[in-house]
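**Student:** the sequence isn't on hand, but the structure is:
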């Protein structure tokens with residue numbers, strides 16, 4: 001596999017710089033605001049990513065609401081994203097499922 005991707009549970013704005021320091025070039029958020037009361041706001045994470053100089057993309061969907069258009073949007077972005085890519089959601093499973101769906105649909109460049 002030529003892709004360099006990691007999956008994680010929810011991150012905070014304060015963790016963005018650590019992610020960059022680990023060498024990640026792109027962060028993809030798959031968790032919509034408001035799923036939990038203690039969840040950081042996406043705008044705050046986006047601001048931290050901008051400050052850290054890392055690409056940041058929101059491809060937001062509820063855990064059971066993965067659709068083909070979402071998979072296609074993800075694949076289009078992922079294929080041109082600078083790697084390695086760090087993807088997160090509540091537990092990491094949703095992000096992993098999105099990546100695997102794109103692979104199964106043969107939408108990811110090799």
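**Tutor:** Arrived safely, thanks for sending. Please read all numbers here as calculations on a predicted model, not as lab measurements. Numbering: from 1, shown residues only.
**Student:** report the beta-bridge partners for the residue nearest in space to the middle of the chain.
**Tutor:** Central residue of the chain (CA atoms, centre = their mean): residue 28, 2.2 Å from the mean position. For residue 28, the beta-bridge partners under DSSP bridges are residue 57, residue 87.
**Student:** wait, it touches residue 86, no?
**Tutor:** Yes - applying CB atoms under 8 Å as the test, residue 28 and residue 86 come out as touching, 7.3 Å apart. C-beta coordinates here come from the backbone N, C-alpha and C atoms, glycine included.
**Student:** that older thread, now do the contacts for the residue nearest to the centre of the chain.
**Tutor:** By CB atoms under 8 Å, 6 or more residues apart in numbering, the residues touching residue 28 are 56-59, 74, 77-78, 81, 85-88, 95.
**Student:** which residue ranges of the chain form strands?
**Tutor:** Assigned by DSSP state E, the chain shows strands spanning 5-8, 26-29, 55-58, 85-88.
**Student:** which stretches of this protein form helices?
**Tutor:** For the chain, the helices defined by DSSP state H occupy 16-21, 42-52, 68-80, 93-104.
**Student:** quick one: low-confidence parts of the chain?
**Tutor:** Within the chain, the segments meeting pLDDT under 70 span 1-2.
**Student:** let's see 50
**Tutor:** Scanning the chain for pLDDT under 50 picks out the ranges 1.
**Student:** adding distance to residue 102, write the strands of the chain out as TSV.
**Tutor:** TSV is the format used below for the strands of the chain (distance: least, CB to CB, whole Å):
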stretch	distance to residue 102
strand 5-8	11
strand 26-29	12
strand 55-58	14
strand 85-88	11
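**Student:** which stretch among those approaches residue 104 most closely?
**Tutor:** strand 5-8 (15.0 Å; CB to CB).
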